[in-house]
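Asks: predicted coordinates and the sequence they were generated for:
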Amino acid sequence: GSLLLAVRFYSLPRAAPLIPSTALGVLLLILSSLLAYAGIRTSRRIASVFLTLCLTISVFWCGYGVILILRGQGVLNNAGDFRDAVVPGLVVFTLALLIVAAVGFLGREVPLAMVASAVSLASAHEVAMLYSAAFGSSAVACNYMVVCLVGGYFALGRILYFLSRQKIALPGTDLTERKTRGQVQSTGGSGNHFAAVGLVLNMLSASVFGCRLLGVTGKLVMGQVPWLWAAGVYQVGICILSYRAMDVLMATFFGFTSILKFAGGYCLLYPVWQPEEPSFPTPFLVVFSILFAVLAVFLTLKSPVDGLYLLFYVAYCIALACRPKGFFEGGPQGVDVAIFVASALMTLIHLYNGKASAKIPTGKDAMKALLARSSSLKLRDGADLHAPYLGYSKYADAEVLGYACSVLASFALTVTGDPQAPLATVVIPWVVVAGGILKLLGGSVAFARGKTLESSAFILYGVLWIIWGLTRYGGLYGTTRSFHAAVGIVAFMLFNGFIVFCTLFLNIAWFFYSLAFFLIAVSFLLDAIHALPAGYDIAATLIFGLVSFYCFLSALFNSIFEGSCLPMGRPIVQLSGVGGGTTKCLHLPARKASSVKRIADILKNGGTCGIPTDTVYVLVAACNRPDAVEKAHQSKRQAQDRPMSLWISSLKQLEPAKHLFTPLLWDFMEAAWPSPISLVVPRGEWVDFLGMKDSAVYVGTPQSVAIRIPDCSVTTHLIDLVGPIVVTSANPTGEADTTHHNQVYAKLGDKVDAVLCAGPSPENIASTVVDCTKIDSGNIGFFRVGIVPKSQVKFILILFLFP
């Protein structure tokens with residue numbers, strides 16, 4: 001990317017540049033996506049500066065690339081318009097990359113710091129070149145060549161490192177040392193390393209309007225929209241990544257700010273097809289400022305500095321509400337300047353604290369100490385801070401953002417726009433982005449956390465907000481209502497009616513939430529058939545907004561504090577057998593060795609657990625704990641014709657009893673295992689060698705026992721720690737096999753002590769059960785044909801009968 005830009009600026013004095021603007025813009029867009037991928041895929045524990053550098057340059061080249069495409073297509077032919085378009089972004093990335101470079105040098109990340117400083121200087125020289133002809137373009141090209149040389153040096157160092165089998169490492173290219181140092185420094189750093197990038201994006205949007213107020217740019221032009229919308233798109237991505245970092249509050253904040261960025265870009269685009277500037281709905285912005293203020297209060301409890309930073313956005317929304325032309329007025333632009341400065345300082349604090357051992361104080365420890373004295377309010381902390389409803393999830397809960405978006409979209413609909421000029425009032429960004437896109441995001445995260453009903457509702461409501469917002473406020477829904485619109489609304493009402501019925505079994509708050517949305521759908525239907533009573537739509541949206549606001553506060557309280565300060569309520573209708581996973585049991589990710597050890601400790605102490613295997617999930621107990629085996633037998637209502645089986649980790653555990661097995665059976669077991677093949681063998685004295693004691697009555701039948709060695713490293717390691725285990729499928733007898741840890745929670749969540757969570761099972765079919773009681777006569781039977789077909793099992797046997 002830097003080489004392309006270096007060629008462009010070296011050839012700029014020529015009449016025709018070597019690389020056309022359109023082609024360069026497209027190439028920069030491709031490279032920006034690759035940079036974003038590189039930054040996201042990097043380990044967040046050891047490379048906070050690297051991911052910040054990659055994502056910052058990625059958004060820089062994304063916005064810059066679109067501006068170059070616009071210029072190549074003749075949209076920004078005027079030199080003044082092109083300068084006004086690119087300068088706000090160049091100013092931001094000059095300062096932001098300078099901060100990254102400073103933190104990189106302090107953290108001894110010399111190659112990264114040199115790249116950041118070179119791109120920063122290139123941006124600064126380009127700004128000077130655009131304002132004064134005395135500054136040539138060669139200085140910009142030289143800075144980009146520095147990036148090329150540093151990148152080439154680092155690549156050469158890595159190639160030599162691999163070719164020499166880790167014997168030759170050029171200075172600054174040894175990643176082993178960086179990883180070790182990064183792991184030590186990351187132990188006390190910020191948990192959300194993506195926050196710094198989100199703050200840079202806030203600088204970018206603030207710069208567009210702040211530069212206009214300070215006279216750096218002559219006017220607000222359409223060429224500045226790429227900066228705003230690139231910042232908005234990346235901000236949504238940072239919101240998702242913040243949920244991955246288990247940071248609910250900052251993720252919600254970044255979701256809020258992305259709405260403002262899309263709205264700003266919409267306002268700059270509107271004068272392209274209409275001569276006047278759009279107006280802002282005052283009620284909505286007042287509500288937005290209240291949401292920012294509430295979020296700031298809760299964030300202050302976690303980090304006072306971050307909470308104070310959010311107050312700038314409270315002032316920003318108030319300033320927008322006070323000025324009818326919003327972003328075009330001097331008041332909001334003045335707040336933009338303050339946001340730019342505050343965001344730069346916050347970027348420095350987050351980056352430095354994520355890298356250095358000596359932190360810049362943010363008041364976090366002081367707030368923890370203050371709240372520790374309170375008997376009524378206790379902060380949630382520890383391993384269960386982001387415990388999902390069903391099992392283990394890689395995302396924190398996004399319901400706070402989902403409810404907030406419902407509040408924003410509902411109050412935005414209270415605005416009555418001009419039917420002749422529906423786009424003149426800025427409503428589409430609030431309804432489509434807040435009520436639609438971010439609502440879909442919240443639904444997707446809710447689904448990943450096992451909340452199937454909530455995710456279905458969020459996604460359904462998000463789709464309706466997008467469709468209705470575009471048709472009513474996008475000029476697609478004229479004064480003449482149509483039969484087709486009414487039919488579509490009725491279809492949505494039917495779906496929502498089913499959701500209302502299901503929420504009877506969830507909680508009271510969700511019942512009123514879905515019922516209030518049903519009232520909004522009724523208002524849409526009445527509007528489509530010309531039968532809308534005066535004021536009904538306003539009343540319906542206000543009711544839905546207030547219910548959503550309560551859910552927003554309740555979700556915030558539950559994500560920060562222990563207990564139920566603002567409860568969501570109990571189910572209106574409680575059925576026996578419904579909600580098996582509501583009683584919490586320990587859930588642990590299978591990817592961690594410490595989780596397997598904790599499961600082993602639970603089994604040794606007489607507990608029962610659900611674990612993943614090479615086929616489906618199973619319910620296990622230690623065979624030397626008869627009480628646990630009996631508990632497992634009763635918890636799933638085990639039928640007598642489906643006895644429990646026995647699992648070992650290797651044949652070494654049966655070695656002392658080898659003389660009790662026939663040679664053919666022993667050889668067959670050696671050949672068949674480890675695999676998803678369970679062998680039913682004659683019961684004998686060998687059972688006593690496994691220490692089963694009184695557990696034997698629940699395992700197998702009086703004549704035979706099913707035994708297996710699973711082909712799963714997690715399961716065999718667990719058996720190595722515990723000893724032989726008694727196994728049965730993790731579902732009540734007669735029901736389908738469980739293929740996800742969420743299903744274990746739903747079916748047996750209140751009957752087991754822990755679940756080892758590994759997501760979807762590798763197979764949807766259980767093991768093959770082979771009858772080996774008559775194997776010495778050359779005959780085998782099949783109680784169940786599972787994942788391994790009969791032909792494969794018989795082939796193994798034939799190899800021993802006819803070697």
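Replies: Right, received. Where do you want to start? Numbering: from 1, shown residues only.

Asks: now the helix or strand hosting Cys142: buried residues?
Replies: Per DSSP states H and E: Cys142 is located in helix 138-163. For helix 138-163, a neighbour-count test (16 or more other C-beta atoms under 10 Å) marks 139-148, 150-151, 153-154, 157, 161 as buried. Using the backbone N, CA and C atoms, a C-beta is placed for each residue, glycine as well.

Asks: which parts of the stretch 1-150 of the chain are helices?
Replies: Secondary structure of the stretch 1-150 of the chain (DSSP state H, counting those that start in this stretch): helices located at 2-10, 21-41, 48-72, 79-106, 110-131, 138-163.

Asks: can you say which of these is nearest to Phe458?
Replies: Of all the helices of the stretch 1-150 of the chain, helix 21-41 sits nearest to Phe458, with 24.1 Å by C-beta to C-beta.

Asks: what's the angle from the closest one to helix 79-106?
Replies: Inter-element angle recorded for helix 21-41 and helix 79-106: 30 degrees (by axes from the mean of the first three to the mean of the last three C-alpha atoms, to 10 degrees).

Asks: before we move on, the earlier item: Throw the helices of the stretch 1-150 of the chain into JSON lines and include distance to Val225 and mean pLDDT, thanks.
Replies: Shown next, in JSON lines, are the helices of the stretch 1-150 of the chain (distance: least, C-beta to C-beta, whole Å; pLDDT from 0 to 100):
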{"stretch": "helix 2-10", "distance to Val225": "22", "mean pLDDT": "92"}
{"stretch": "helix 21-41", "distance to Val225": "14", "mean pLDDT": "93"}
{"stretch": "helix 48-72", "distance to Val225": "8", "mean pLDDT": "93"}
{"stretch": "helix 79-106", "distance to Val225": "9", "mean pLDDT": "93"}
{"stretch": "helix 110-131", "distance to Val225": "19", "mean pLDDT": "92"}
{"stretch": "helix 138-163", "distance to Val225": "24", "mean pLDDT": "90"}
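
Asks: tell me which of these sits nearest to Thr503.
Replies: helix 21-41 (35.7 Å).

Asks: against which helices or strands is that closest one packed?
Replies: helix 2-10, helix 48-72, helix 225-244 (3 or more C-beta pairs under 8 Å, 6 or more residues apart in numbering; DSSP states H and E).

Asks: which positions in stretch 76-88 come out as buried?
Replies: Of the residues in stretch 76-88, 76, 81-88 count as buried by neighbour count, 16+ other C-beta under 10 Å.

Asks: verify the stated contact: Arg83 with Tyr131.
Replies: Yes: when contacts are counted by C-beta atoms under 8 Å, Arg83 is listed as touching Tyr131 (7.5 Å).

Asks: confirm Leu646 sits in a helix?
Replies: No: Leu646: not assigned to a helix; according to DSSP: H, G, I helix; E, B strand; the rest coil it is strand.

Asks: count the residues that sit near the closest residue to Ala485 other than its chain neighbours.
Replies: Of all residues not flanking Ala485 in the chain, Ala528 sits nearest, at 4.5 Å (C-beta to C-beta, 6 or more residues apart in numbering). Look at Ala528: counted by other C-beta atoms under 10 Å, it has 20 neighbours.

Asks: phi, psi for Ala528 please.
Replies: As for Ala528, its main-chain torsions (degrees, to the nearest 10) stand at phi -70, psi -30.

Asks: and the pLDDT for it?
Replies: We have a pLDDT of 78 for Ala528.

Asks: I'd like the distance between it and Val500.
Replies: Separation of Ala528 from Val500 (C-beta to C-beta, to the nearest Å): 21 Å.

Asks: next: Phe93.
Replies: 49 Å.

Asks: just Asp527 next, same as before
Replies: For Asp527, the distance to Val500 - C-beta to C-beta - is 21 Å.

Asks: ok, Lys751 next?
Replies: From Lys751 to Val500 the distance is 31 Å (C-beta to C-beta).

Asks: tell me the secondary structure at Asp711.
Replies: coil.

Asks: what's near enough to touch Ala338?
Replies: 312, 315 (C-beta atoms under 8 Å, 6 or more residues apart in numbering).

Asks: confirm it sits in a helix?
Replies: Yes: judged by three-state DSSP, Ala338 forms part of a helix.

Asks: what ranges do the strands span in the stretch 501-650 of the chain?
Replies: 586-589, 609-611, 618-622, 645-647 (DSSP state E, counting those that start in this stretch).

Asks: buried stuff in the second one?
Replies: Just to be clear, that refers to strand 609-611. 609-611.

Asks: check what pLDDT Pro533 gets.
Replies: At Pro533, pLDDT is 86.

Asks: how is the protein divided into domains?
Replies: Domains of the chain are assigned by the TED database as 1-173+194-355+366-379, 380-575, 586-801.

Asks: least reliable of those going by mean pLDDT?
Replies: Mean pLDDT per stretch puts domain 380-575 lowest among the domains of the chain, at a mean of 82.

Asks: and for the residue nearest to Ala540 when sequence neighbours are not counted, the neighbour number?
Replies: Once flanking residues are discounted, Ala540 sits nearest to Leu519: 4.1 Å by C-beta to C-beta, 6+ apart. Using other C-beta under 10 Å, Leu519 has 16 neighbouring residues.

Asks: quick one on the thing from earlier: now the helices and strands packed on helix 21-41 in TSV, with mean neighbour count?
Replies: Converted to TSV, these look like this (neighbours: other C-beta atoms under 10 Å):
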stretch	mean neighbour count
helix 2-10	20
helix 48-72	25
helix 225-244	25
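
Asks: which among the ones you listed is found nearest to Tyr352?
Replies: helix 48-72 (10.0 Å).

Asks: packing partners of that closest one?
Replies: Packed next to helix 48-72, using 3+ C-beta pairs under 8 Å, 6+ apart, are helix 21-41, helix 79-106, helix 110-131, helix 195-214, helix 225-244, helix 330-355.

Asks: after the fifth one, which helix or strand is next?
Replies: The one in question is helix 225-244. Using DSSP H and E, the first helix or strand after helix 225-244 is helix 248-269.
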